[in-house]
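Engineer: Give me a model of this one.
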Amino acid sequence: MLDQIKNENVLCIDIETVPQYPVYDEVPVLMRKLWDIKASRLASKEEETPEILYERAGIYAEFGKIICISAGILNGDVLRIKSFSGKDEAELLNSFADMLNTKFSKPQYLLCAHNGKEFDFPYIARRMLINGIRLPAILDIAGRKPWEVQHLDTMELWKFGDYKNYTSLALLTAIFDIPTPKDDIDGSQVGNVYWVEDNLNRIVEYCQKDVVAIVQLFLRYKGEPLIASDNISIAG
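Structural biologist: Below is the predicted model:
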């Protein structure tokens, strides 16, 4: 199947998300009550209070927000990456939607992400609806047959029908010998870097590196050469 997919038709993406508020105490009363209900289901230990668990709120579209979407596409042996980031979520989502509507509206295009079907794609769609943004066709999958959905997932492709395990992008890049730069942050630190350090640029760079890793992994799946580091172009 992958042999039939043209590399230039695959838009690889990654998103970074954070809780909507810096700390639990700043959450509006109604949403705080609803988070308390959610947290009670998440807690596995007595000491895991809603306040402590709030740092995990960013992974839920109802309680989090997107601060960066990085997207990369191949043009021959060159990988071009563009990021949409900022503190105004509606603005970055509108910009991303505009790109999808103008450049990736035809049925041959595919979105690709690692664990994208479980996280990135539905998260983006939910946050767009919450922000009053009409879904681009490539994200509007309601009523579509499975083979009509224009989504690829590098984690799902690795499962080969096995649904028991989650395999991280870091593990797959390691076993496929895909070179990745050592980062000074990981996903669990994004909220702190955003809310405490106020360093969005650092998060954008981290997100872009994940896109590179996803593209390289996709090429490994196809048995094709990796993209050389000097052939990676990042739009300013």
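
Engineer: going forward, measure contacts and count neighbours with C-alpha atoms only.
Structural biologist: Fine.

Engineer: domains in this structure, as residue ranges please.
Structural biologist: Residue ranges for the domains of the chain, per automatic domain parsing: 2-15+71-234, 21-62.

Engineer: Now render those as CSV, adding mean pLDDT.
Structural biologist: Formatted as CSV, the entries for the domains of the chain read as follows, by pLDDT from 0 to 100:
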stretch, mean pLDDT
domain 2-15+71-234, 95
domain 21-62, 95
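
Engineer: Include mean neighbour count when you put those into a markdown table, please.
Structural biologist: Putting those into a markdown table (neighbours: other Cα atoms under 10 Å) gives the following:
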| stretch | mean neighbour count |
| --- | --- |
| domain 2-15+71-234 | 16 |
| domain 21-62 | 15 |
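
Engineer: Who does residue 12 form a beta bridge with?
Structural biologist: Each beta-bridge partner of residue 12 is listed here: residue 72, residue 112, as defined by DSSP bridges.

Engineer: was I right about it contacting residue 72?
Structural biologist: Yes. Between residue 12 and residue 72 there is a contact at 5.2 Å, judged by Cα atoms under 8 Å.

Engineer: Between these two, which contacts overlap?
Structural biologist: Contact with both residue 12 and residue 72 is made by residues 211, 215, according to Cα atoms under 8 Å, 6 or more residues apart in numbering.

Engineer: Which parts of the protein are helices?
Structural biologist: Along the chain, the segments classed as helices by DSSP state H run 29-42, 50-53, 89-103, 120-130, 154-159, 169-175, 190-195, 200-221.

Engineer: quick one: the residue of the chain positioned farthest from its centre and residue 56, what's the gap?
Structural biologist: Relative to the C-alpha centroid of the chain, counting by Cα atoms, centre = their mean, residue 46 is the outermost residue, at 31.3 Å. Distance, residue 46 to residue 56, by Cα to Cα, to the nearest Å: 17 Å.

Engineer: And for residue 232?
Structural biologist: Applying Cα to Cα, the value for residue 232 to residue 56 is 32 Å.

Engineer: Residue 32 too?
Structural biologist: Going from residue 32 to residue 56 by Cα to Cα gives 14 Å.

Engineer: Equivalent analysis for residue 17, please.
Structural biologist: From residue 17 across to residue 56, the span is 10 Å (Cα to Cα).

Engineer: Can you get me a residue count around residue 65?
Structural biologist: 24 (other Cα atoms under 10 Å).
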